[in-house]
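[1] Sequence and computational prediction follow.
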Amino acid sequence: MSNYAYVNGGKVERVLVIEQDVIDTGLFGEPSQFVQTSYNTRGGIHYGQDGQPDGGIALRANYAGIGDTYDAVNDVFYAPKPDPDWTISAPDWIWKAPTT
């Protein structure tokens, strides 16, 4: 089983642990709107079961959450912007507060 985000208009509506063949049936929504996400990926780093970086593939920068954005151009997930002054960028796609 894998984790997939159901993306509608660039926003994550739900995240499911599901098999690709079940997605392909269309029972849970339009198959083309599902995007795989990795539970072990945060801030552009893949973590092992021990919580330490393990050198694995950091799939789409961050694990998708409901309400997150899927940026199809950069093929990444990121959380909603916490404040108008915050910025986000590659490679971690984590919002950062302005520094003074």
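    That came through fine. Numbering: from 1, shown residues only.
[2] What's opposite the residue nearest to residue 18 when sequence neighbours are not counted in the beta bridge?
    Counting by Cβ to Cβ, 6 or more residues apart in numbering, residue 4 is the residue found nearest to residue 18 once chain neighbours are left out, at 5.7 Å. All C-beta spots, glycine's among them, are computed from the backbone N, C-alpha and C. Beta-bridge partners recorded for residue 4 (DSSP bridges): residue 16, residue 36.
[3] So residue 4 sits against residue 38, correct?
    No: applying Cβ atoms under 8 Å, one finds residue 4 not in contact with residue 38, separated by 10.6 Å.
[4] Comparing the two, which residue is more hemmed in?
    Each of residue 4 and residue 38 had its neighbours counted (other Cβ atoms under 10 Å), and the higher figure belongs to residue 4 (23 against 20).
[5] buried stuff in stretch 86-94?
    Residues 88, 92-93 are the ones in stretch 86-94 that count as buried (16 or more other Cβ atoms under 10 Å).
[6] So which of those is the closest to residue 13?
    For residue 13, the nearest member of the buried residues of stretch 86-94 is residue 93. The distance, counting by Cβ to Cβ, is 19.4 Å.
[7] shouldn't the closest one be in contact with residue 58?
    No: in this structure, residue 93 sits apart from residue 58 without contact. The criterion is Cβ under 8 Å, and the distance is 9.9 Å.
[8] shared neighbours of these two, anything?
    Here residue 93 and residue 58 share the contacting residues residue 44, scored by Cβ atoms under 8 Å, 6 or more residues apart in numbering.
[9] residue boundaries of the helices in this protein?
    Per DSSP state H, the chain carries helices over the ranges 20-23.
[10] Report the residue spans of it with pLDDT below the cut-off.
    In the predicted model, the chain carries no residue with pLDDT under 70.
[11] Stretch 86-100: how far from the chain's middle?
    16 Å (Cα atoms, centre = their mean, to the nearest Å).
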